[in-house]
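Engineer: here are the coordinates; sequence isn't available:
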């Protein structure tokens, strides 16, 4: 069995064929999927979809792109959603300086506020970071996230760093999640990290509908394609596909306390 630890199939891109997408995932042996919220509405939608299937779960959170929209009312609403029995993590949250749809100050404010709520709720933290490793690590250290990560879990979703950054994240108590980016031909540094870090610290994801893997690039991504990530990871580590499927699923179940 495979677990897609980060997907957005509750987004509108899947409105026309969502149930078929879910069927294809199950046929591809993707037995569990985590639907990730990026704002209040998408968090609500993720929960609503997760309620319909026993193999789906949800997260709540505000993406750094939308950090400028955060106010007390939204924080309170997200905190209330986090108590839902289908919610198993807080995120995706973090810092993204590639687009800077929100200022660094706004992103830091939203990230800190949500780290503190994740701690309050004792939920794993799902972190998004792009072109902001220094800023992200500095903030995580300042907020004392290591103790929370070690006790309740944390993951760098859609990891795009190198081996050194991955090891630093692991030292901070984080797991590392690899997506279809790892299958791209020019992703040498990322592939080196995937090949060498502790397998017990690795989970896999699609980030669907984004970042379809090699061979599917240019198409809408979907949870069934997490198999391509597992196959590439097996190739890089020179182990069987079954070894990767079992290890990453066990890791995901441990990280998110999945049944």
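Structural biologist: It's in. Computed from a prediction, not measured in an experiment: that's the story for all the values here. Numbering: from 1, shown residues only.

Engineer: in the sheet, who's paired with residue 176?
Structural biologist: residue 156, residue 202 (DSSP bridges).

Engineer: show me what contacts it?
Structural biologist: Counting by CB atoms under 8 Å, 6 or more residues apart in numbering, residue 176 touches 155-156, 159, 166, 169-170, 193, 197, 201-203. Every C-beta, even on glycine, is put in place using the N, C-alpha and C of the backbone.

Engineer: next one: it from residue 108, what distance?
Structural biologist: Separation of residue 176 from residue 108 (CB to CB, to the nearest Å): 23 Å.

Engineer: same check on residue 167?
Structural biologist: Using CB to CB, residue 167 is found at 25 Å from residue 108.

Engineer: also residue 183?
Structural biologist: Distance from residue 183 to residue 108, by CB to CB: 32 Å.

Engineer: neighbour count: those two, which is higher?
Structural biologist: residue 183 (26 against 19; other CB atoms under 10 Å).

Engineer: what ranges does the stretch 151-259 of the chain have for its strands?
Structural biologist: All strands of the stretch 151-259 of the chain, identified by DSSP state E, counting those that start in this stretch, fall at 154-156, 175-178, 202-204.

Engineer: average pLDDT across the second one?
Structural biologist: Strand 175-178 shows an average pLDDT of 98 in the prediction.

Engineer: same deal with stretch 38-52?
Structural biologist: 98.

Engineer: which positions in it come out as buried?
Structural biologist: 38-40, 42-47, 49-50 (16 or more other CB atoms under 10 Å).

Engineer: quick one: that stretch to chain centroid distance?
Structural biologist: Chain-centre distance of stretch 38-52: 15 Å, with CA atoms, centre = their mean, to the nearest Å.

Engineer: list phi and psi for residue 4.
Structural biologist: Per-residue torsions, residue 4: phi -90, psi 110 (degrees, to the nearest 10).
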